[in-house]
Structures are given as structure tokens and as C-alpha cells.
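*Asks:* below are the sequence and a predicted model; questions follow.
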Amino acid sequence: MVTRNTTVIAPKTLVHVNDFRNPPIPDTDGLEQAVRNVLEHLNSCSNENVRNAFLNNKIKELIEQARIYNELTLDSIKDSRIMAAYASDFKEYIEILQEEEVSGTDFIEAMKSQYQAAISNKNSSAKLTKSYCDILAIIKNVCNDLEEFNGSNSIEKALEKDAKDARKESTNHMFAAIGTGVGTGLAIAAAPFTGGASLAVIGALGVSSAGAMIGTSITSVQFSDKAKANELELKQIEETKTHIRIAIAGLVTIVDKFSSFDEFFQKEAEDINKVIEKYEHDIQNIIFRMSRMKSTAMKKQWSRIQQLFESYIDSIKPLLSERRNSNVGTNNDEVIFEHK
């Protein structure tokens, strides 16, 4: 009688995955309207009838920022599509875990892929946030320059005292907003953007990249040698400042929301990394499943997050298509609009 040695394969340990939290739904209230407002009002700052050289240069600065903003909006659509795919992928992983046992190797590989995706989305959100902050700083400085220019014209002299009083009152409102967290957008629109109190208002939003604006060049303009603007141009300046202030309020909202996306994906990456570290040392000996109750709750949350990003794309993409019907050009150093 011959006895054969046989290898006994030890059964693998079944792990019911409960390590994932139900993801919070990112707050996008007001984001789509803010994007619309900035698109509309930044693009409304152009005026081909302005002949004053200084004013014309300021309008060109605004047009350039409008161009950059349009490009950023396109980038935000592309990034939102990737973020929606991230949610869809996670939902698919959860569904597989509910329906079948997954080997330790496959599970860890999937989680490492999702970790890299979370980091990529975090970096994209941070980059967009910083770029929106840069536009915010530049157009606020332009608005300040237009305020100073108005004060240098004789037609505004009679209103100078009232304007100073109004600015003083706005500053008081600004500091009140810093203390209470109320009226942030209005406070930023009122405050001189010098990297001091205004940054405190932005900082109250939790914008991690706001500090980048400290280094922003603040224009110091001497107006004594500037040609005086006529009454029509002064009216146009007031209209432009109105457009800028609305754009500023919209950018504050956009910065707030994309900063929260940055934080969302940072937390995602941290959570996934904890799961990887917990199980990767023993992947040959374990298999994974997820309970129906847990998976159902998580799939519901990830579906809502996917829909949130897809809704942003569906809402904003048509606005950019409309913008393709017009473009900005220059002729003899004067700003013009060409309509096709």
C-alpha cells in the first residue's frame, strides 16, 4: 500500500468589509449659479467705446481674466467628469463585493487604484481652487484701481466725501463679517485686497490655497498724469464695477465649493490608505465580501455623488457652447468684440 502525501490548502479567512464610511455628500448649493454669474459678468466687462488709455488697459485685464476663467470652467467640466467616474467605480466595487467573494490580491489592487484616483482628484480640485483665487485677487485689484480712478476725476469731487464714508462703512462691515462668518461675499467685494483683512475673510471659508494670494502684486497707480475720463466713461466704469462685484461674489462661492472637493478627496485618500495598510500584509490568506445592508447604503451615497458631478457638467457645458459664438480681439490697442 502506497501512501501519497497531499497538500492540504487551508481555508481562507472571509472578511466582511466594514471599514468604509458612508461618504458625505459634497455641498454644491449655489455652485452652478455662481459659475453662470461669473461667466456672464466677467464677459460683460468689455466695452469697445472706451477710448481712455488707462481704462482701456483695465478692461483688457478683465477680458484676459474672463478668457482664463472660461478655460478654467472647461477644466472644471473635465475634472467633474473624472470625479463622477470615481464615484461610479467605487459603486461598482461595492456591488461586486456584495455579489461575490473577492480575493485579497484583487481587493488590494482595486483599492490602490482608487487611492491614486482620489489623490488625482484632490490635486485637480486644489489646482482649480488656487486658479480661481488668482482671478479673484486680480479682478479685485482692478476694481480698486477703478475706484481710485473715479476719485481722481473732477466730476467725482463732489462725491468724494460720500465715497470715503461709504468705503469706511464697508470696511466696518467687512470686519464684522470676519467675526461672524456672515456676508462673506459682500465683505470681500467691499474690502481692499491687500493680503490682510481680506485674506482673513477668504480664510474663513477654509480655502487652503488662499495664502497664495498674499504674494499677488497689488497695483499702485498714480493718476495725476492720466487723461481725464468723460461723464459717459465714468458711467461705464460704474457699470464695470457692478459686473466685477457680482463676479467676485460668484468666485467666492466657487472657491468655497472646490476647496470642499479638495478636502473630500483628501479624506477619501486617507480612508482608503488605512484599509490598504490594514489588509495588504495578509492578502494571500483572506477573501472579502460586503453585507447587503452595508453595500446598499454605500451604493446609494455614491450614486448621489456621481449624480452631483454629472449635474454640474450638464448644467455648465451648454453655457460654454454659447460662448463659442463670440470671441474677443484687439485692434490698434483698442478692445473690440467680434461676433460670429
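*Replies:* Yep, it's here.
*Asks:* C-alpha from now on. contacts and neighbour counts both.
*Replies:* Will do.
*Asks:* need the contact list for the closest residue to residue 24 other than its chain neighbours.
*Replies:* Nearest non-adjacent residue to residue 24, counting by CA to CA, 6 or more residues apart in numbering: residue 301, 7.6 Å away. Residue 301 makes contact with 22-25, according to CA atoms under 8 Å, 6 or more residues apart in numbering.
*Asks:* quick one, helices of the protein?
*Replies:* For the chain, the helices defined by DSSP state H occupy 31-43, 53-99, 104-152, 160-180, 184-190, 197-203, 231-279, 292-323.
*Asks:* okay if I get the ones you listed as TSV plus distance to residue 12 and mean pLDDT?
*Replies:* Listed next are the helices of the chain as TSV, based on distance: least, CA to CA, whole Å; pLDDT from 0 to 100:
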stretch	distance to residue 12	mean pLDDT
helix 31-43	48	93
helix 53-99	16	93
helix 104-152	10	91
helix 160-180	57	43
helix 184-190	56	43
helix 197-203	51	41
helix 231-279	13	91
helix 292-323	21	91
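*Asks:* most neighbours per residue, which of those?
*Replies:* Greatest average neighbour count among the helices of the chain goes to helix 184-190 (a mean of 23), per mean count of other CA atoms under 10 Å.
*Asks:* okay, residue 30: pLDDT?
*Replies:* Residue 30 is assigned 94 on the pLDDT scale.
*Asks:* before we move on, back to that, would a markdown table of the contacts of residue 301 with neighbour count and pLDDT be doable?
*Replies:* Compiled in a markdown table, the contacts of residue 301 are given as follows (neighbours: other CA atoms under 10 Å; pLDDT from 0 to 100):
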| residue | neighbour count | pLDDT |
| --- | --- | --- |
| 22 | 14 | 87 |
| 23 | 16 | 90 |
| 24 | 11 | 91 |
| 25 | 13 | 92 |
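*Asks:* what's the closest of the residues you listed to residue 66?
*Replies:* Residue 66 lies nearest to residue 25 out of these, by CA to CA, at 30.3 Å.
*Asks:* separation between the closest one and residue 32?
*Replies:* 16 Å (CA to CA, to the nearest Å).
*Asks:* likewise residue 295?
*Replies:* Distance, residue 295 to residue 32, using CA to CA: 30 Å.
*Asks:* cool, and residue 57?
*Replies:* Taking CA to CA, one finds residue 57 at 30 Å from residue 32.
*Asks:* same check on residue 244?
*Replies:* Counting by CA to CA, the separation of residue 244 from residue 32 is 18 Å.
*Asks:* nearest spatial neighbour of residue 124, skipping sequence neighbours?
*Replies:* Take residue 124 and drop its neighbours on the chain: the residue closest to it by CA to CA, 6+ apart is residue 79, 6.9 Å away.
*Asks:* contact partners for that neighbour?
*Replies:* Taking CA under 8 Å, 6+ apart, one finds 121, 124-125 in contact with residue 79.
*Asks:* just residue 30 next, same as before
*Replies:* Contacts for residue 30 were tallied using CA under 8 Å, 6+ apart; they are residue 253.
*Asks:* and for residue 295?
*Replies:* So residue 295 contacts 94-95, 97-98 (CA under 8 Å, 6+ apart).
*Asks:* same deal with residue 121?
*Replies:* 79, 82-83, 262, 265.
*Asks:* find the nearest non-adjacent residue to residue 257, please.
*Replies:* residue 28 (6.2 Å).
*Asks:* any idea how far the one you found lies from residue 35?
*Replies:* Separation of residue 28 from residue 35 (CA to CA): 11 Å.
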